[in-house]
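Asks: When you get a sec, could you give me coordinates for this:
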Amino acid sequence: MSTKSEYSALSLPKLMAEREEDTWQVEGLSVESVSEEEPEERPEEEADAAEEAQLPRQEEMDLAPSKVFFTHDHISSKFRSGTLLDDAVRDIINGGKAFDDFPSILCTRFHDKLFSINNRRLFVARVLEQMGCLHLIHIVVVALDDPYLQREGDGGLTKWERSFSTTNGGLFVRVRSDFRKFQSDHAGQVDQGQTGQTRREASRRPQEVLLWQKTAEVKKGDDPDPRKRAQQAKWKLQQSVPSDILNQLGKTYGILSEIITHPRSPQAAVKLAPDLNCTKFPEGVQAMREVVACRYSMKSQKTGSEKKTVLSVQSPVEMSAQEKRAAEKKKSIDRKNRDKHRRR
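Replies: Numbers count the residues shown, from 1 in each chain. Got it, this is the predicted structure:
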């Protein structure tokens, strides 16, 4: 398996340029994308992909991404093909690709845990799991004493020793990504004073889910000021979210929803979080996901355009104005018809 073929199945369009120190803002809440130094990829990594396919496999299995741990402390924000990890996540969420397009994730057992050799693939899987879009991944387990992991490189360290750099037990990695917050369920941050049962309950407790995310199309003719054009497009995007229906579903399932906006781009997202009495979080997320998908699918069919990641959205205010104009036009036609009948 060559390096090119390893990720050619996921050669996704570059939807956004890399940004540093961007902040997703919510009312009273800000989630920062941590800007970490990009780790350099060693030349030897180019040959790793070809060797992985030839490794003797101890076992293969399907399990939740959260059951697999990271070996690296830092990872690059791009695959070797140049595709941004965030672009891969967005494309899978929007149905452009499937996670199965990736090769299986290679793992090894260490201290009774499964650690991934393919950390960037695992990061994407972890994010998708937290968003409710992915539940199982296929992994291939190789022995820790396999020559592939125990071969020595520069400095006399084995490949495994060079790879195993995590400082948090593999719970998360440091990466420049808008989705960094969604890679872990924070099970490792439970207070040490809690009992084992409380710790297990906390690790199973559902966390925040990014339900929907879109980028609005900025029209050049709307306003001469580019900042105002972007702000108007972002406002329209926020208004296009079917908030009333989501709020009704939220009350039914005990789920809180918030609209997140980006400070420097015409982007908006819907974030979901369970309240204290929520018992059917996955079911509620799925119901809300179907509502949002139906909303934009219907708009795509109405306008005759294909369903894409970047949409030109229409606010409810504009829609109401159109309906009002249509009603006035109908009244005018009815009035003319009545006048004709009277003349007769």
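Asks: So, low pLDDT: which residues of the stretch 201-344 of the chain?
Replies: 201-224, 261-266, 295-327, 340-344 (pLDDT under 70).
Asks: What segments of it are helices?
Replies: Assigned by DSSP state H, counting those that start in this stretch, the helices in the stretch 201-344 of the chain fall at 226-239, 243-253, 281-303, 316-343.
Asks: so what's Ile75 up against?
Replies: Ile75 makes contacts with Pro39, Asn119, Arg120, Phe123, Val173, Arg174, Val175, as judged by Cβ atoms under 8 Å, 6 or more residues apart in numbering. Bear in mind the C-beta positions are built from the backbone N, C-alpha and C, glycine included.
Asks: So among the residues you listed, which ones count as buried?
Replies: When the contacts of Ile75 are checked for burial by 16 or more other Cβ atoms under 10 Å, the buried set is Asn119, Arg120, Phe123, Val173, Arg174, Val175.
Asks: Could you find which two of the residues you listed are furthest from each other?
Replies: Longest distance between any two of the buried ones among the contacts of Ile75 is 12.7 Å, between Arg120 and Arg174; criterion Cβ to Cβ.
Asks: want to throw the buried ones among the contacts of Ile75 into TSV with pLDDT and secondary structure?
Replies: Formatted as TSV, the buried ones among the contacts of Ile75 follow (pLDDT from 0 to 100; DSSP: H, G, I helix; E, B strand; the rest coil):
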residue	pLDDT	secondary structure
Asn119	95	helix
Arg120	95	helix
Phe123	95	helix
Val173	91	coil
Arg174	90	strand
Val175	91	coil
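Asks: Cys133 - nearest residue in space that isn't next to it in sequence?
Replies: Ile93 (5.9 Å; Cβ to Cβ, 6 or more residues apart in numbering).
Asks: ok, how many other residues are close to that neighbour?
Replies: Ile93: 21 surrounding residues under other Cβ atoms under 10 Å.
Asks: With Leu246 instead?
Replies: Counted with other Cβ under 10 Å, Leu246 comes out at 23.
Asks: OK, contacts around it?
Replies: Ser257, Val270, Met288, Val291, Val292.
Asks: how does it look with 6 Å?
Replies: By Cβ atoms under 6 Å, 6 or more residues apart in numbering, Leu246 lies in contact with Ser257, Met288.
Asks: Do a quick rundown of the helices in the stretch 1-150 of the chain.
Replies: Using DSSP H, counting those that start in this stretch, helices in the stretch 1-150 of the chain cover 3-8, 45-52, 85-93, 119-130, 147-150.
Asks: least reliable of those helices going by mean pLDDT?
Replies: Lowest mean pLDDT within those: helix 3-8, at a mean of 37.
Asks: rewinding a little: quick check, nearest of the contacts of Ile75 to Thr167?
Replies: Arg174 (9.1 Å).
Asks: hang on, that closest one packs against Ser76?
Replies: No - using Cβ atoms under 6 Å, Arg174 makes no contact with Ser76, being 10.9 Å away.
Asks: And the closest residue to Leu136 other than its chain neighbours, how far from Lys331?
Replies: Distances taken as Cβ to Cβ, 6+ apart place Asp62 nearest to Leu136, at 4.5 Å, with adjacent residues excluded. Taking Cβ to Cβ, to the nearest Å as the measure, Asp62 falls 62 Å from Lys331.
Asks: Could you report the neighbour count for Leu136?
Replies: Leu136 has 14 neighbours, counted by other Cβ under 10 Å.
Asks: next one: Lys330
Replies: So Lys330, with other Cβ under 10 Å, has 10 neighbours.
Asks: And Met61, by the same measure?
Replies: Residues within reach of Met61, counting by other Cβ under 10 Å, total 13.
Asks: Quick check: beta-bridge partners of the closest residue to it other than its chain neighbours?
Replies: Distance criterion Cβ to Cβ, 6+ apart; nearest residue to Met61, sequence neighbours excluded, is Ile139 at 6.1 Å. When bridges are called by DSSP bridges, Ile139 pairs up with Met61, Ile105.
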